[in-house]
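**Student:** got a predicted model here, sequence first, then my questions.
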Amino acid sequence: RLGDIERALPVIVSESGSALIPSQLRHKAIRDVSTVLKRHRRFNDALELWERGLSDPSRAVRSFAAEELAKHLEHRTGDHDRALTLARRAADGARLVQDHQMANAFDRRVRRLEEKLRRASAGRFNDSDQELESV
């Protein structure tokens, strides 16, 4: 809360996933710190938190980490395949525990990513058709 990200980050990274720290506190810490990291364009540090969050014992932390990582992969790195895999797994997990709101949110992301991949694939297909016609 004081904005000392340099002191907070190593502690949060080393203690993330610890069952000794209440899940609500881990969730808030990862959410708040990764938000500050994104604002400061320190995406690699945020990525480390989200990656570690995927294996956290808390479903809330895992869901948050999956959502943030999927958004990063989709919008910043353009890795739509990995984002789609992650979103599908998160949607399945949400359905498993009957979290319909979270499942619906991830399902929307899945549909959007599938459409992006479909359009990209169709574009590659059309490009190869044009190359053949010019031969």
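**Tutor:** Noted; the coordinates are in hand.
**Student:** for Ser63, which non-adjacent residue is closest in space?
**Tutor:** Closest residue to Ser63 apart from its sequence neighbours, by CB to CB, 6 or more residues apart in numbering: Met102 at 5.8 Å. Backbone N, C-alpha and C define where each C-beta goes, glycine included.
**Student:** surely the one you found meets Leu96?
**Tutor:** No. If you go by CB atoms under 8 Å, Met102 and Leu96 don't touch, sitting 10.7 Å apart.
**Student:** between these two, which one's more packed in?
**Tutor:** Met102 (20 against 10; other CB atoms under 10 Å).
**Student:** does that one count as helix, strand or coil?
**Tutor:** helix (DSSP: H, G, I helix; E, B strand; the rest coil).
**Student:** got a list of what it touches?
**Tutor:** By CB atoms under 8 Å, 6 or more residues apart in numbering, the contact set of Met102 is Ser63, Ala90, Ala91, Ala94.
**Student:** show me the contacts for the residue most central in space within the chain.
**Tutor:** With distances taken as CA atoms, centre = their mean, the chain has Leu69 as the residue nearest its mean C-alpha position (1.8 Å). Contact analysis of Leu69 by CB under 8 Å, 6+ apart lists Leu47, Trp50, Glu51, Leu54, Ala83, Leu86.
**Student:** that one: which element?
**Tutor:** helix 59-72 (DSSP states H and E).
**Student:** where does this structure dip in pLDDT?
**Tutor:** Along the chain, segments meeting pLDDT under 70 span 1-5, 7-19, 124-135.
**Student:** in it, which spans are helices?
**Tutor:** Taking DSSP state H as the criterion, the chain contains helices spanning 5-15, 23-39, 43-53, 59-72, 80-96, 100-134.
**Student:** most packed of those?
**Tutor:** Per-stretch averages of neighbours, counted by mean count of other CB atoms under 10 Å, single out helix 59-72 among those, with a mean of 21.
**Student:** could you check how far Ala122 is from Glu115?
**Tutor:** According to CB to CB, to the nearest Å, Ala122 and Glu115 sit 10 Å apart.
**Student:** my bad, should have said His80
**Tutor:** 10 Å.
**Student:** list residues touching both of these two?
**Tutor:** Common neighbours of His80 and Glu115 (CB under 8 Å, 6+ apart) do not exist.
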